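[1] only the shape, not the letters, is given here:
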């Protein structure tokens, strides 16, 4: 089967043909596909951008080495491996700067190297693992990580334009597909999981370097994932902090629930000290009881006990939180007299 775009790739993964296929052809896809607008990017390429494209080429090789050999050490690559990357060429188009580079041979080689990891894996997990690799090759992984910042949640929920993909009759955002891929990655053994996450991180390094090389651009589009000038400068000025995972359980009140990026659902909460922050989860990954209690908290003005996976920075600041389970908390007591005084003051 010949595949030439992301929608065809998704359709193939969810078809009966995927179950028994040993290999498949990628026709001029995926590819590096970057569009830039700005005074310095009118059909011209800056030295900084040129260097970042070279660095992307090196990080792409490290990602492949991670998947095939479990290490980013380029000395592990054989002469046959290196031939895969000798054919990469960048093409520049005039107007608003456009950069193209074919990645189909490299993607196919990565998929072939994944076969040993996916033997015995459920079809659903295998699909989402392939999706994760392709989206990382297309740059969607890097842009999604940026918009996952706590400071970017509100902006992302105000309607950030995302490429929409049809999956089994329903539209899904690229962000949602990436979120679902975590389940497949977590299903791997610890050793295999490190090979995949290592590859994703190297591809993220490559695309991140490209974004950081154009701090004065007005706009960048990476395979349909767009960032405006403000997003680019925020990315450059606020590199992602090192984080450490913790499982926390706190009594919280639910302020607001947003389904704008469904199936990823964002929940704005406040703790007992009135500190507000945003947690999230993917629909279907928590029980129906937990799901209902989130909305009951708003309806009945009650708190809930929330168990969540928290990524904390070295300073203890929440970088990202994913809800694992929700149980009943205590009733929030409201002083009617205080409400009346507030209304009179207003």
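    Cool, got the structure. Bear in mind that the values here come from a model prediction, so they are computed numbers and not experimental data. Numbers count the residues shown, from 1 in each chain.

[2] host element of residue 133?
    Element membership for residue 133, per DSSP states H and E: helix 123-138.

[3] can you give me the offset of that helix from its chain's centre?
    12 Å (Cα atoms, centre = their mean, to the nearest Å).

[4] list the contacts for the closest residue to residue 213 other than its chain neighbours?
    Distances taken as Cβ to Cβ, 6 or more residues apart in numbering place residue 52 nearest to residue 213, at 3.8 Å, with adjacent residues excluded. To be clear about C-beta, it is placed using only N, CA and C from the backbone, and glycine gets the same treatment. Neighbouring residues of residue 52 by Cβ atoms under 8 Å, 6 or more residues apart in numbering: 209, 210, 212, 213.

[5] looking at those, which are in helices?
    Among the contacts of residue 52, the residues falling in helices (DSSP state H) are 209, 210, 212.

[6] would you list those residues in TSV and tack on pLDDT?
    Output for these, formatted as TSV (pLDDT from 0 to 100):
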residue	pLDDT
209	93
210	94
212	92
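
[7] tell me which other helices or strands the helix or strand residue 304 falls within touches.
    Following DSSP H and E, one finds residue 304 within strand 302-313. Using 3 or more Cβ pairs under 8 Å, 6 or more residues apart in numbering; DSSP states H and E, the elements in contact with strand 302-313 are strand 243-261, helix 288-300, strand 318-331.

[8] tell me the most buried of those?
    Among these, the stretch with the highest mean neighbour count (mean count of other Cβ atoms under 10 Å) is strand 318-331, at a mean of 17.

[9] so what's the gap between that strand and the chain middle?
    22 Å.

[10] now swap in stretch 256-264 and tell me
    Averaged C-alpha coordinates place stretch 256-264 at 16 Å from its chain's average position (Cα atoms, centre = their mean).

[11] and for stretch 41-54?
    On Cα atoms, centre = their mean, the centre of stretch 41-54 falls 25 Å from that of its chain.

[12] what about the stretch 51-200 of the chain, any weak spots by pLDDT?
    Along the stretch 51-200 of the chain, the model assigns pLDDT under 70 to residues 94-95, 144-179.

[13] please apply the same query to the stretch 201-346 of the chain.
    238-245, 261, 313-315, 331-346.

[14] and the helix holding residue 133, what does it pack onto?
    When contacts are defined as 3+ Cβ pairs under 8 Å, 6+ apart, helix 123-138 sits against helix 6-13, helix 17-20, helix 104-118, helix 140-147, helix 174-186, helix 190-212.

[15] need those in a markdown table with distance to residue 287 and mean neighbour count, can you?
    Output for those, formatted as a markdown table (distance: least, Cβ to Cβ, whole Å; neighbours: other Cβ atoms under 10 Å):
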| stretch | distance to residue 287 | mean neighbour count |
| --- | --- | --- |
| helix 6-13 | 27 | 18 |
| helix 17-20 | 30 | 10 |
| helix 104-118 | 28 | 17 |
| helix 140-147 | 26 | 23 |
| helix 174-186 | 15 | 20 |
| helix 190-212 | 25 | 20 |
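
[16] check which helix or strand the residue nearest to residue 213 maps to.
    Going by DSSP H and E, residue 52 is part of helix 47-69.

[17] which one of the helices and strands packed on strand 302-313 lies nearest to residue 33?
    strand 243-261 (22.8 Å; Cβ to Cβ).

[18] list the buried ones in the helix or strand that the closest one is followed by?
    Note on strand 243-261: by DSSP H and E, the next helix or strand toward the C-terminus is strand 264-270. By neighbour count on 16 or more other Cβ atoms under 10 Å, the buried set for strand 264-270 is 264, 265, 266, 267, 268, 269.

[19] again, but for stretch 275-282
    Here stretch 275-282 shows 277, 278, 279, 280, 281, 282 as buried, counting by 16+ other Cβ under 10 Å.

[20] can you name the residues that contact residue 48?
    213, 214.

[21] give the contact list for residue 28.
    Counted by Cβ under 8 Å, 6+ apart, residue 28 has contacts 4, 102, 104.

[22] quick check: chain neighbours aside, which residue is closest to the second one?
    Right, residue 102. Per Cβ to Cβ, 6+ apart, closest to residue 102 is residue 31, 5.0 Å.

[23] so the one you found touches residue 103, yeah?
    Yes: assessed by Cβ atoms under 8 Å, residue 31 is found in contact with residue 103 at 5.2 Å.

[24] neighbour count winner among these two?
    Ranked by neighbour count (other Cβ atoms under 10 Å), residue 31 and residue 103 place residue 103 first, with 21 against 18.

[25] tell me how far the more buried one lies from residue 84.
    10 Å (Cβ to Cβ, to the nearest Å).

[26] repeat that for residue 61.
    Computed as Cβ to Cβ, the residue 61 to residue 84 distance reads 8 Å.

[27] what about the two, which has more around it?
    Using other Cβ under 10 Å, the more surrounded residue of residue 61 and residue 84 is residue 61, with 21 against 17.

[28] doesn't residue 73 make contact with that one?
    No: look at residue 61 against residue 73 with Cβ under 8 Å: they stay out of range, at 10.4 Å.

[29] quick one, what contacts residue 291?
    Neighbours of residue 291 in contact, by Cβ under 8 Å, 6+ apart: 283, 326.

[30] swap that for residue 203, sorry
    Going by Cβ under 8 Å, 6+ apart, residue 203 touches 59, 60, 63, 136, 137, 139, 141, 142.
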